[in-house]
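In: Pasting the sequence and the predicted coordinates here, then a few questions.
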Amino acid sequence: MSDAETERKVSFGFEEVTESEKVARVKGVFRSVASRYDLMNDLMSAGVHRLWKHDAMNKVNPQPGERHLDVAGGTGELARAFLELADKAGKRRGIDAKATAIVCDINDAMLEAGKARADNAKWDGRLDWVCADGQNLPYPDRSFDAVTVSFGIRNFADRIAGLKEFRRVLKPGGRLGVLEFSHMTAPALQAAYDTYSYNVIPRLGSLVAGDRESYQYLVESIRQFPDQETFRTEMENAGFSRVSVTNFSGGIAALHFGWAV
């Protein structure tokens, strides 16, 4: 029996594929959409995703001198926000220590799109970009004060392995923030959101990014992600404590936040 035949099957949208095939296909999706990724996020959410990320980063509470890892960080939006908030905290407290951040993504095209942004210049020497798999991070144990993942963990071939890696690289007392599309708290709202997702988002992808299939996958991948309580339990089983869940926009997205102890 071949390796492909014995490899564990996972979801790629509504399809069942091997883990290695999912990794390859997810890379293809984000390589295709990289140049229009930020614009499409604004269009799909009417810009509300920026508010979710703002609230998520306030929960993470960046501090001067800390080291931050943003996994599946794409164009670096959360990493830049971390540095900005850490500097503001340092200014308030009269601390000069400068935080640093690493944007880690398995997709080189997403990283290149992020590195091309003009607003990176102000973070020279403090913002780094690394192409690596979030399930196998190239860092020693206890390396970071904070790890974040924004709308990326549902694309992992094995999110449990990813959570265990996040726990491994966090220092004792470090924190993890996972912002992900989730399940709405009211069934009637979920039905309306499903109608919007399946009918509007793939069409937007076709019109703006020239890629309907990738955005069809993204819609399907959201439906395959576990509900808030199930994912909370997965984080706890991976070694995180005091795990909390904050729903945004009625559960369209949710922030799962936990501590490494």
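Out: Done, it's in. Residues are numbered from 1 along each chain as shown.
In: contacting residues for the spatially closest residue to residue 110 that is not a sequence neighbour?
Out: Nearest residue to residue 110, sequence neighbours excluded (CB to CB, 6 or more residues apart in numbering): residue 74, at 4.5 Å. Where C-beta positions appear, they are placed from N, C-alpha and C, glycine not excepted. Going by CB atoms under 8 Å, 6 or more residues apart in numbering, residue 74 touches 30, 34, 37, 103, 105, 107, 110, 111, 113, 114, 150, 152.
In: so of those, which ones are in helices?
Out: 30, 37, 110, 111, 113, 114 (DSSP state H).
In: State the distance from the first one to residue 151.
Out: By that I understand residue 30. Here the criterion is CB to CB, to the nearest Å. By it, residue 30 lies 11 Å from residue 151.
In: for the fourth one, same thing?
Out: According to CB to CB, residue 111 and residue 151 sit 16 Å apart.
In: on that earlier part again, residue 134: which of the contacts of residue 74 is nearest?
Out: The closest of the contacts of residue 74 to residue 134 turns out to be residue 152 (CB to CB; 7.3 Å).
In: For that closest one, list the residues it contacts.
Out: Applying CB under 8 Å, 6+ apart, the residues near residue 152 are 71, 72, 73, 74, 134, 180.
In: same question, residue 241
Out: Contacts of residue 241 (CB under 8 Å, 6+ apart): 258, 259, 260, 261.
In: top of these by neighbour count?
Out: residue 258 (25 neighbours; other CB atoms under 10 Å).
In: Does that residue touch residue 240 like I think?
Out: Yes - between residue 258 and residue 240 there is a contact under CB atoms under 8 Å: 3.2 Å.
In: tell me, what's touching those two both at once?
Out: What both residue 258 and residue 240 touch, as defined by CB under 8 Å, 6+ apart, is the set residue 176.
In: max-length strand in this protein?
Out: strand 170-181 (DSSP state E).
In: can you list the residues that contact that strand?
Out: Contacts of strand 170-181 (CB under 8 Å, 6+ apart): 52-53, 56-57, 59-61, 142-154, 163, 166-167, 222, 225, 231, 235, 240, 252-261.
In: same thing but 7 Å
Out: Applying CB atoms under 7 Å, 6 or more residues apart in numbering, the contact partners of strand 170-181 are 52-53, 56, 59-60, 142, 144-151, 153-154, 166, 222, 225, 240, 252-261.
In: Tabulate the CA atom coordinates of it in PDB.
Out: In PDB, the C-alpha atoms belonging to strand 170-181 read as follows (Å, rounded to 0.1, in the frame of the first residue of the first chain):
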ATOM      1  CA  LEU A 170       5.400  30.000  24.100                       C
ATOM      2  CA  LYS A 171       7.200  31.100  27.200                       C
ATOM      3  CA  PRO A 172       5.500  30.300  30.600                       C
ATOM      4  CA  GLY A 173       2.900  32.900  31.000                       C
ATOM      5  CA  GLY A 174       2.800  33.600  27.300                       C
ATOM      6  CA  ARG A 175      -0.600  33.900  25.500                       C
ATOM      7  CA  LEU A 176      -2.200  32.600  22.300                       C
ATOM      8  CA  GLY A 177      -4.900  34.400  20.400                       C
ATOM      9  CA  VAL A 178      -6.600  32.500  17.600                       C
ATOM     10  CA  LEU A 179      -9.000  34.600  15.500                       C
ATOM     11  CA  GLU A 180     -11.100  32.500  13.200                       C
ATOM     12  CA  PHE A 181     -14.400  32.400  11.400                       C
END
